[in-house]
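>>> Okay, sequence plus prediction incoming.
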Amino acid sequence: MTEDPPVSSGSEKTTEQTVRSRLQKWCLVMLAAGSKQSYVFATNKQRIQLAASDVLYQMGKRWVDAGLQKVLGDEVGSRSRMIVQTSALAIFLVDQAESARAIVSHVTGQAVRSETDVDVWGVVREDAITIDPHDPGLGTPDSAEVVKGVLAKLFQAHDQARFTRSSPVGREIGTPFDARCSYSGRPASDTKSFSPNESIASETAYASRAVGKLWDLAEIAEARSMVLGAAEDPSERPANNSRERLERRILGPRKGKDEDEIDAALMDLERLKSRSDDLDHNGWYGILHADGNGMGRVFQNLSEAYATGEEILRQEKKLSADLDEIVWGAVGDAIVEVQRTGPDAGRAKGPNGNTIPYKDWILPIIVGGDDISAVLSGRMALSFAIALSQAYETRIQTKPDFGGALRKLAEKKVDVPKKLSLGLGLIFVKPHHPFSHAIQLAEDLTGMAKKKSDNASMLAFHVLHEPSVRRWDDLHSRDEWKPGVPAAPDAAPLVIPVGLRETTDDPSSTRREGPIHHRLFEGTPTTTLEKLWYLMRLCDSRVPLGEDETRETDARFSRSSLHRLRAVLSTPAPDEETYEARIAPVMSQLGLWEKRMKIPLEERDFLRKNRRLLVPALDALDMERGTAA
């Protein structure tokens, strides 16, 4: 007697055929802006830099959304799937090649219509990824290797397309007879006024076509074509200018929380509109650049951590969205931290006894992906850099998908850090130093910090005492120093860990690497950052008055005394013995000062053992005190 064949096999075969019959090959689209740093920092005018950064943000967000809405209408949710959407970058799937090309044409056309010289192009890979259109999540059955290969070819095609098209830089070369833009050097097409009285020649500037558009974007309401409607909620209405849009992005989901502190800290619109467009500085600017450690390796190796193409696409979208939230949130957290615990925080009081927040001391210019560039008042810059690194690490820890990706990649023996952190470069310059040169030096310092990063945020900072515009290698060539250069602490920037670190009693918990504000330590400072803060505090302390130690005099090292002290400590000597003999008198004076201050230290000869931190401490203190009232 023959057994009947299992009924389920035919049913499973029918189900598989049904699934296959409804699968479709969708197009993969990438839209991105090129030469972002060069575009934003093409001028030294901060209102124009801020507006250029705003254009990049809108390109990746609103322009792409508007293109999808215009081409697909109400079918956006069923005919497209977003994978990555951030400042200056969007990667998404579309069901038809014709629609994909129409979306690219809309976004690139918007770039041309904006007349801001932003360089945007897109590529379309047809029949790239298999999609089940009947799946509510538009999932893909493709393998991880297939998705990885398609994404790699997409980036390669986008890079190759760059060289087949003309750049906006080549437009409007001009003739010797053309008036030149006051900021870009391009042929001028308009004049812009700093004053309501446009007849005052000294209050006007020549502007090229692109600079003129960016000038207006920083000041007036954005074009309606960039806005997808207006909501009744005031916080959701279109912002009036680039500065207001920046503040809203930093506030994010805070919904009014910390709004006063963040609004006070950001450069005021009236300052941006002025000829000088200066922060409320103290004679020094801090130019900061920060970049994520290990973040690129995580995104590049997702196919090693996840078994299916669907998981890769889902994680690409989730991690990129989380990263955007982390970076913007960390900037806001750091601003609030400095407002509350920065140098002399809480000393300024209003008429009602309320604390007056510091004003106009920061302008974040680039915030996108894991990159952050900002200009700060020298007084707040070091505290902000430290607060930013710790806020970034804290927020990363609240996103379990990043921790899960790191664990999976480590199990696959992929070279990734144990935890994600920041590399930060901070260069102090005079306010009118060329910004393009300062940001390049900050990026060089960031590279130094990243090289020394070992699962921790690292900061490299330096004070540029000379006005020349030279490359970093030229600034610190070893040929400039005499034999015995190891005795000169000024020969290289200080690179120190500034992030969160594990406690000794509970490895799963973390604590701050050091204080954001200056305080006296209970016992001996142990970390490099704590030692730096301690030495800054020592040189900035006021002497107790007589036997009453609750009262203080204004007796402290004067600015000129600190400068002379720095000169003695930073001048190279032929050999170590000569250097030690030369600095012995000032070290003795510092020891007496330390004893007079009655600062408790358990370690003997603390100053002598840590004297190489004295010059960076004096520099950092000088930046906080400043050279202007």
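Nice, I can see it.
>>> CA atoms only: put stretch 258-277 into PDB for me.
Listed in PDB are the C-alpha atoms of stretch 258-277, where the atom choice follows Å, rounded to 0.1, in the frame of the first residue of the first chain:
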ATOM      1  CA  ASP A 258      16.900  74.400  28.400                       C
ATOM      2  CA  GLU A 259      15.700  76.800  25.700                       C
ATOM      3  CA  ASP A 260      16.800  80.000  27.500                       C
ATOM      4  CA  GLU A 261      20.300  78.700  28.100                       C
ATOM      5  CA  ILE A 262      20.800  77.500  24.500                       C
ATOM      6  CA  ASP A 263      19.300  80.600  23.000                       C
ATOM      7  CA  ALA A 264      21.600  82.800  25.100                       C
ATOM      8  CA  ALA A 265      24.700  80.800  24.200                       C
ATOM      9  CA  LEU A 266      24.200  80.800  20.400                       C
ATOM     10  CA  MET A 267      25.500  83.900  18.500                       C
ATOM     11  CA  ASP A 268      22.700  86.400  18.300                       C
ATOM     12  CA  LEU A 269      21.100  87.200  14.900                       C
ATOM     13  CA  GLU A 270      22.000  90.900  15.200                       C
ATOM     14  CA  ARG A 271      25.700  89.900  15.700                       C
ATOM     15  CA  LEU A 272      25.500  87.700  12.600                       C
ATOM     16  CA  LYS A 273      24.000  90.600  10.600                       C
ATOM     17  CA  SER A 274      26.700  93.100  11.700                       C
ATOM     18  CA  ARG A 275      29.900  93.800   9.700                       C
ATOM     19  CA  SER A 276      32.200  92.100  12.300                       C
ATOM     20  CA  ASP A 277      29.800  89.200  13.100                       C
END
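>>> If we go by neighbour counts, what in that stretch is buried?
258-259, 261-267, 269, 271-273, 277 (16 or more other CB atoms under 10 Å). (C-beta placed from N, C-alpha, C; glycine too.)
>>> which residues touch residue 284?
By CB atoms under 8 Å, 6 or more residues apart in numbering, the contact set of residue 284 is 377-379, 381, 428-431, 463, 623, 626-627.
>>> Show me which of those residues is closest to residue 566.
residue 463 (9.8 Å; CB to CB).
>>> Look at the closest one and report its pLDDT.
We have a pLDDT of 86 for residue 463.
>>> before we move on, back to that, can you redo the buried residues of stretch 258-277 as JSON lines with distance to residue 341?
Below are these laid out as JSON lines (distance: CB to CB, whole Å):
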{"residue": "258", "distance to residue 341": "14"}
{"residue": "259", "distance to residue 341": "19"}
{"residue": "261", "distance to residue 341": "12"}
{"residue": "262", "distance to residue 341": "15"}
{"residue": "263", "distance to residue 341": "19"}
{"residue": "264", "distance to residue 341": "15"}
{"residue": "265", "distance to residue 341": "13"}
{"residue": "266", "distance to residue 341": "18"}
{"residue": "267", "distance to residue 341": "21"}
{"residue": "269", "distance to residue 341": "27"}
{"residue": "271", "distance to residue 341": "25"}
{"residue": "272", "distance to residue 341": "27"}
{"residue": "273", "distance to residue 341": "31"}
{"residue": "277", "distance to residue 341": "28"}
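>>> Would you report which members of those residues are assigned to helices?
259, 261-265, 269, 271-273 (DSSP state H).
>>> quick check, nearest of those to residue 536?
residue 265 (22.0 Å).
>>> so the closest one makes contact with residue 361?
Yes. Contact criterion CB atoms under 8 Å: residue 265 and residue 361 qualify, at 5.8 Å.
>>> pLDDT value on residue 617, please?
Note on residue 617: pLDDT of 82.
>>> can you tell me the helix or strand for it?
Using DSSP states H and E, residue 617 falls within helix 614-625.
>>> for that helix, packing partners?
helix 378-397, strand 458-463, helix 528-540, helix 559-570 (3 or more CB pairs under 8 Å, 6 or more residues apart in numbering; DSSP states H and E).
>>> What is the last one packed up against?
Pointing back at helix 559-570 there. Going by 3+ CB pairs under 8 Å, 6+ apart, helix 559-570 lies up against helix 576-597, helix 614-625.
>>> Could you do the longest one as well?
Using 3+ CB pairs under 8 Å, 6+ apart as the contact definition, the elements that helix 378-397 packs against are strand 285-293, helix 309-341, strand 371-377, strand 421-429, strand 458-463, strand 500-502, strand 510-512, helix 614-625.
>>> what about the helix holding residue 617, distance to the chain center?
Offset of helix 614-625 from its chain centre (CA atoms, centre = their mean, to the nearest Å): 24 Å.
>>> ditto for stretch 572-591
Worked out by CA atoms, centre = their mean, stretch 572-591 lies 40 Å from the chain centre.
>>> Would you mark the buried spots in it?
572-573, 579, 583, 586-587, 590.
>>> Turn the helices and strands packed on helix 559-570 into TSV, including distance to residue 312.
Output for the helices and strands packed on helix 559-570, formatted as TSV (distance: least, CB to CB, whole Å):
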stretch	distance to residue 312
helix 576-597	56
helix 614-625	44
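>>> for those, which one sits closest to residue 471?
So among the helices and strands packed on helix 559-570, helix 614-625 is nearest, using CB to CB, at 21.0 Å.
>>> Restricting to C-alpha, output that closest one in CSV.
Output in CSV follows, covering the C-alpha atoms of helix 614-625 (Å, rounded to 0.1, in the frame of the first residue of the first chain):
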residue,chain,number,x,y,z
LEU,A,614,52.4,73.6,33.2
VAL,A,615,52.7,75.3,29.8
PRO,A,616,49.4,73.8,28.5
ALA,A,617,47.8,74.7,31.8
LEU,A,618,49.0,78.3,31.5
ASP,A,619,47.8,78.4,27.9
ALA,A,620,44.4,77.1,28.9
LEU,A,621,44.2,79.6,31.7
ASP,A,622,45.2,82.4,29.5
MET,A,623,42.4,81.5,27.0
GLU,A,624,39.9,81.6,29.9
ARG,A,625,41.1,84.9,31.2
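>>> hang on, the earlier thing: mind picking the two most distant members of the buried residues of stretch 572-591?
So, the buried residues of stretch 572-591 by CB to CB: farthest apart are 572 and 590, at 20.3 Å.
>>> Spatially nearest residue to the spatially most central residue of the chain, not counting backbone neighbours?
Nearest to the mean C-alpha position of the chain, by CA atoms, centre = their mean, lies residue 372 at 0.8 Å. Excluding the flanking residues, the one nearest residue 372 by CB to CB, 6 or more residues apart in numbering is residue 290, at 4.3 Å.
>>> My guess is the one you found contacts residue 421. True?
No. Taking contacts as CB under 8 Å, residue 290 lies outside contact range of residue 421: 10.2 Å.
>>> Now for those two: what residues contact both?
In contact with both residue 290 and residue 421: 389, 392, using CB under 8 Å, 6+ apart.
>>> To residue 447, which of the helices and strands packed on helix 614-625 lies closest?
strand 458-463 (8.5 Å).
>>> Show me the strands paired with the closest one, marking each as parallel or antiparallel.
Strand pairing for strand 458-463, determined by DSSP bridges: strand 421-429 (parallel), strand 494-497 (antiparallel).
>>> residues making contact with it?
By CB under 8 Å, 6+ apart, the list of residues contacting strand 458-463 reads 284, 293, 382, 385-386, 389, 421-428, 441, 445-446, 448-450, 452, 493-499, 616, 619-620, 622-623.
>>> can you do 6 Å?
Outside strand 458-463, the residues that touch it by CB atoms under 6 Å, 6 or more residues apart in numbering are 385, 423-428, 445, 448-449, 452, 493, 495-498, 619.
>>> Buried only: go through those for me.
385, 423-428, 445, 448-449, 493, 495-498, 619.
>>> out of the residues you listed, which one sits closest to residue 208?
Out of the buried ones among the contacts of strand 458-463, the member with the shortest distance to residue 208 (by CB to CB) is residue 427, at 28.4 Å.
>>> Test my guess that that closest one contacts residue 442.
Yes. Residue 427 is in contact with residue 442 according to CB atoms under 6 Å; the separation is 4.8 Å.
>>> which neighbours do these two share?
residue 287.
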